[in-house]
Every structure is written in structure tokens, then in C-alpha cells.
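Undergrad: any chance you could fold what I've pasted below:
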Amino acid sequence: MLIDAVDTLPVLFGDIFAPPAVVEELKHQRSPKAVRQWAQNLPTWLNVRSPRNVQHVVGLHRGEIEAIALAEELSAKLLLIDAKSGQLAASERAFRVMGTLGVIAQAAIQNLINVEKVSAQLRQTNFRGRIELIQEIVDEYWQRGDANT
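TA: Numbers count the residues shown, from 1 in each chain. Here you go, the predicted model:
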């Protein structure tokens, strides 16, 4: 979409599921044009599925609520979510969570992307996170020697 990393998702995590509310957020007019266009023609690896049991959670948007509900129904091991409030709610439900920076760092560690190029691309978007964290995660990984395990 806005950076050259979205197609690493199925490589990194296998099956990828998203609830309809998340897809609708991607299509919203406030989303960047490239994101809206991507969401209009979703890749075959993205499985859009409605959760059966959605309960309102104070402080969360509909997409976050549906994502957590779907993850619960699927017994997902990991929930990809950026919003801090959504991450906290998912963590309270014992989900492992990862945001955009973590995904990019994992892709860089597995040599699926060029971390400098993707970091530069991310800086050109409306992303509000601390982009330097990507390189810190990658550096820590290599310093710990995890690459040899």
C-alpha cells in the first residue's frame, strides 16, 4: 500500500484474517488514496470474515472491537493492531499483539524487505509511531544472536 511491505504479511504469519469493519476503515475517504485503492481490490491472501459475537468495548472503534472478537473466535495466536487502546484490550484478553513497526521489523529480520527503504517510505505517510524503533528492534535481534538460533 503506502510502503512496500504489505505482501510480507502472509509470508510472516500465514493465514491473515480481517473483519469487515477493518476493511471499511481502509476504504474510508480519510484513508490515503493508495490504501483506499488497495482495499477496493483485496489480495487473495486476506480473508475477510465477520465475527459472530461482537460486544461493545468502551474506548475502542468498531474495527478494533471486531478484530478482537474475530481473533477470539479463531483462537488466533497473534493480533495485528496499531491503536494503543486496541493493543491494551487485546493484551488483557491474553493475545500477543504486534503493530506496524513490529511487522516491519520482523520482515527486515527475515530479509523480506530493505529496512532503510521501508522506513523512509513510512516517514512519507501519516503514520504516527516512532519509526526509529524498527531499526532498534532489528539491531537488538542481531546483537542477541537470535539470527543464529
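Undergrad: list the buried residues for stretch 107-124?
TA: Within stretch 107-124, the residues that count as buried by 16 or more other Cβ atoms under 10 Å are A107, A108, I109, L112, I113, V115, V118, S119, Q121, L122. In short, each C-beta sits where N, CA and C put it, glycine included.
Undergrad: and the end-to-end length of that stretch?
TA: 19 Å (Cα to Cα, to the nearest Å).
Undergrad: kindly report the same for stretch 103-121.
TA: OK, stretch 103-121 end separation, Cα to Cα: 15 Å.
Undergrad: and that stretch, how far from the chain's centre?
TA: Stretch 103-121 has its C-alpha centroid displaced from the chain centroid by 14 Å (Cα atoms, centre = their mean, to the nearest Å).
Undergrad: average pLDDT for it?
TA: Here stretch 103-121 scores 89 as its mean pLDDT.
Undergrad: convert the C-alpha atoms of the worst-scoring helix or strand of the chain on mean pLDDT to PDB, please.
TA: In the chain, the helix or strand scored least confidently by mean pLDDT, DSSP states H and E is helix 132-144, which has a mean of 79. Taking Å, rounded to 0.1, in the frame of the first residue of the first chain, the C-alpha atoms of helix 132-144 are listed here in PDB:
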ATOM      1  CA  GLU A 132      13.300   4.600  14.700                       C
ATOM      2  CA  LEU A 133      12.000   1.700  16.800                       C
ATOM      3  CA  ILE A 134      12.200  -0.600  13.700                       C
ATOM      4  CA  GLN A 135      15.900  -0.300  13.500                       C
ATOM      5  CA  GLU A 136      16.300  -0.700  17.300                       C
ATOM      6  CA  ILE A 137      14.300  -4.000  17.200                       C
ATOM      7  CA  VAL A 138      16.400  -5.300  14.200                       C
ATOM      8  CA  ASP A 139      19.600  -4.200  15.900                       C
ATOM      9  CA  GLU A 140      18.700  -5.800  19.200                       C
ATOM     10  CA  TYR A 141      17.700  -9.100  17.400                       C
ATOM     11  CA  TRP A 142      21.100  -9.300  15.700                       C
ATOM     12  CA  GLN A 143      23.100  -8.300  18.800                       C
ATOM     13  CA  ARG A 144      21.300 -11.000  20.900                       C
END
